[in-house]
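Trainee: missing the sequence, but the structure's below:
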């Protein structure tokens, strides 16, 4: 991924349509941290329609790791509220294809895998609030190091729904201890991006034994005075899906998000009425 960005030195300075074209054309498939500043980035979970209702309930019961930004109709590779020009099949930087919970392959688009019974769930991503933290002068070490943010399977249990259950996945960023309160305030303004952290400090309190061996992403260094801060992560539903072992499931590759055309500061895009998702005007 580092070499890919080295070949595209102006990637951060491109506007969103140009960045989306690079991703859609398969010319960039690295991590999307720091791209499309000001726009909501989303995790993707794609399942057959016969599992969609139980997974939808899982997201509703676990809004911290699964802040649902939108759901497609079965067979439709689009969620119009996230951008009329967004194509679920091409606009994430990379996709993972799973068969019975086992990673089968990683691909740059879903043309060969899309089916008429697939339902796509877009789940807000913590990358969204990182621009606000950086503007406040708080370094994001994984962006500065050009690596995927480290993620860990924690001992924090999620509320189950049908076959979907298990521990919460958390992303970790080193933060100066004297700025923790500021970070809590900033991140709390982004409910579609997991909001405020779920844990600060000792990783063993949430079942993490070694910060140098993340379950996803890559380890990052700490500077003096920094402490580990953990946010609920959108890889949580991916882990729940893998544990449930459906015949087919598709997700974005960790770190390689779907970039939407929705502002990162947007409020809720939907409400529930009799447990049914209704988009807000």
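Mentor: Yes, it's here. What you see is a predicted model; the values in this text were computed from it and never measured.
Trainee: tell me the mean pLDDT for the strand or helix carrying residue 259?
Mentor: Residue 259 belongs to strand 258-263 when elements are defined using DSSP states H and E. Mean pLDDT, strand 258-263: 85.
Trainee: got the buried residues for stretch 83-90?
Mentor: Judged by neighbour count using 16 or more other C-beta atoms under 10 Å, the buried positions of stretch 83-90 are 83, 86-90. C-betas here are computed from N, CA, C, even on glycine.
Trainee: can you check stretch 207-217 too?
Mentor: 208, 214, 216-217.
Trainee: need these in JSON lines (columns: pLDDT and secondary structure).
Mentor: Output for those, formatted as JSON lines (pLDDT from 0 to 100; DSSP: H, G, I helix; E, B strand; the rest coil):
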{"residue": "208", "pLDDT": "98", "secondary structure": "coil"}
{"residue": "214", "pLDDT": "97", "secondary structure": "coil"}
{"residue": "216", "pLDDT": "90", "secondary structure": "strand"}
{"residue": "217", "pLDDT": "90", "secondary structure": "coil"}
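Trainee: relative to residue 13, which of those residues is nearest.
Mentor: Closest approach between the buried residues of stretch 207-217 and residue 13, by C-beta to C-beta: residue 217, at 24.8 Å.
Trainee: for that closest one, give me its contacts.
Mentor: Shown in contact with residue 217 (C-beta atoms under 8 Å, 6 or more residues apart in numbering): 142, 147-151, 171, 254-255.
Trainee: strands of the protein, residue ranges please.
Mentor: 39-48, 68-71, 95-99, 102-107, 118-124, 151-157, 167-176, 199-200, 226-232, 249-252, 258-263, 270-273, 276-279 (DSSP state E).
Trainee: could I get these as CSV with mean neighbour count?
Mentor: Below are these laid out as CSV (neighbours: other C-beta atoms under 10 Å):
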stretch, mean neighbour count
strand 39-48, 26
strand 68-71, 24
strand 95-99, 19
strand 102-107, 12
strand 118-124, 27
strand 151-157, 20
strand 167-176, 24
strand 199-200, 18
strand 226-232, 22
strand 249-252, 25
strand 258-263, 22
strand 270-273, 11
strand 276-279, 12
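Trainee: with distance to residue 241 as extra columns, can I get the ones you listed in CSV?
Mentor: Converted to CSV, the strands of the chain look like this (distance: least, C-beta to C-beta, whole Å):
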stretch, distance to residue 241
strand 39-48, 6
strand 68-71, 15
strand 95-99, 7
strand 102-107, 12
strand 118-124, 10
strand 151-157, 14
strand 167-176, 12
strand 199-200, 23
strand 226-232, 16
strand 249-252, 5
strand 258-263, 16
strand 270-273, 21
strand 276-279, 19
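Trainee: what about residue 55, distance to residue 241?
Mentor: 7 Å (C-beta to C-beta, to the nearest Å).
Trainee: on the pLDDT front, check the residue with the largest distance to the centre of the chain for me.
Mentor: Distance from the C-alpha centroid of the chain peaks at residue 224, with 28.7 Å (C-alpha atoms, centre = their mean). Looking at residue 224, its pLDDT stands at 96.
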